[in-house]
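Engineer: Sharing a model prediction with you, sequence too.
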Amino acid sequence: MAVELFVLAWSMVLLLIHIFAAAHVKTKQYGTNWNMGARDETLPPLNPVAGRLARAQANFQETLPIAIVALIGVVVAGRSSEMTMLGAHIWLGARILYLPVYALGIPKIRTLIFLVSLFGLGMVLWPLLRL
């Protein structure tokens, strides 16, 4: 199996971690009835950690479609290489680090990690942009 597809599979696990981490902290704040209910009521703002986890999840979901296209694209196009494999690992590693750093509220490091993830993603995407 192509390394890029292996990384893609693990990114789906990371997506589940994002979803469950955010939901767990929201449920701690709003309660089990909220979690199991229709969620129609107006609620107070999320506490800082829950808010950061929700934003981290949204950020991951915003960039994930690009990663999916890039990771599958290089495999389908036959453009997988040492560079795309390294880029895939850089992207996933940075995205793994991003979640706890964001949850802890470390702003500048969080931004740096995000930029590293974009660099890794660029390494994967670049071969698809060349003729």
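Structural biologist: Structure received. Keep in mind that this is a model prediction, so the values were computed, not measured. Numbering: from 1, shown residues only.
Engineer: Could you list which residues are in contact with the residue nearest to the spatial centre of the chain?
Structural biologist: Closest residue to the average C-alpha location of the chain: Phe60 at 3.1 Å, with Cα atoms, centre = their mean. Neighbouring residues of Phe60 by Cβ atoms under 8 Å, 6 or more residues apart in numbering: Leu14, Leu15, His18, Arg95, Tyr98, Leu99. From N, CA and C alone the C-beta is placed, and that goes for glycine too.
Engineer: Look up the closest residue to Leu97, ignoring the ones flanking it.
Structural biologist: Ile113 (5.1 Å; Cβ to Cβ, 6 or more residues apart in numbering).
Engineer: Residues contacting the one helix or strand the one you found maps to, please?
Structural biologist: In the assignment (DSSP states H and E), Ile113 maps to helix 107-129. Helix 107-129 is contacted from outside by 4, 59, 63, 66-67, 70-71, 73-74, 77, 79, 81, 83-84, 86-95, 97-98, 101-102, using Cβ under 8 Å, 6+ apart.
Engineer: Thr84 - how many residues pack around it?
Structural biologist: Thr84: 26 surrounding residues under other Cβ atoms under 10 Å.
Engineer: Hmm, it is touching Ile72, no?
Structural biologist: No - at 11.4 Å, Thr84 does not count as touching Ile72 under the criterion of Cβ atoms under 8 Å.
Engineer: shared neighbours, those two?
Structural biologist: What both Thr84 and Ile72 touch, as defined by Cβ under 8 Å, 6+ apart, is the set Glu4.
Engineer: What helices and strands are in contact with the helix or strand of the chain with the lowest mean pLDDT?
Structural biologist: None of the helices or strands of the chain scores lower by mean pLDDT, DSSP states H and E than helix 32-36, at a mean of 89. On a contact count with 3 or more Cβ pairs under 8 Å, 6 or more residues apart in numbering; DSSP states H and E, helix 32-36 meets helix 3-30.
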